[in-house]
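J.: what's the 3D shape of this:
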Amino acid sequence: MRMETAARQRLGVIGAGAMGAGIAEAAAARGIPVVLTDARPGAASEAIARIRAGAAKRRDNGKLTDEQYAVLAGAL
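T.: Sure thing, here's the model as predicted:
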């Protein structure tokens, strides 16, 4: 049995807690645009800020290149 997969254009993540933020970060690191949402007002923007801050720290420590950081930050 052969399965065809459609190209993913963007990923929606419902829930900006630890798991949702981790999924969003993993997808964004691969350049997949992410839409992150949460029932609590402000939770999604807080999670995005935490993801970007963590990625910036890894970039500053040499674990991410500037290009990798730009791809991740731009996809959020």
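J.: What segments of this structure are helices?
T.: With DSSP state H as the criterion, the chain has helices at 18-29, 43-60, 66-75.
J.: out of the ones you listed, deepest packed?
T.: Comparing the helices of the chain by mean neighbour count (mean count of other CB atoms under 10 Å), helix 18-29 ranks first with a mean of 18. (Each C-beta comes from the backbone N, C-alpha and C, glycine too.)
J.: other SSEs contacting that one?
T.: Helix 18-29 is packed against strand 11-14, strand 34-37, helix 43-60, helix 66-75, with contacts defined by 3 or more CB pairs under 8 Å, 6 or more residues apart in numbering; DSSP states H and E.
J.: got those as TSV, with mean pLDDT and distance to Ala28 columns?
T.: As requested, the helices and strands packed on helix 18-29 are exported to TSV (pLDDT from 0 to 100; distance: least, CB to CB, whole Å):
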stretch	mean pLDDT	distance to Ala28
strand 11-14	96	9
strand 34-37	96	5
helix 43-60	97	7
helix 66-75	96	4
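J.: Tabulate the helices of the chain (JSON lines), appending distance to Leu11.
T.: Rendered in JSON lines, the data for the helices of the chain read as follows (distance: least, CB to CB, whole Å):
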{"stretch": "helix 18-29", "distance to Leu11": "5"}
{"stretch": "helix 43-60", "distance to Leu11": "13"}
{"stretch": "helix 66-75", "distance to Leu11": "9"}
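J.: All set now, cheers.
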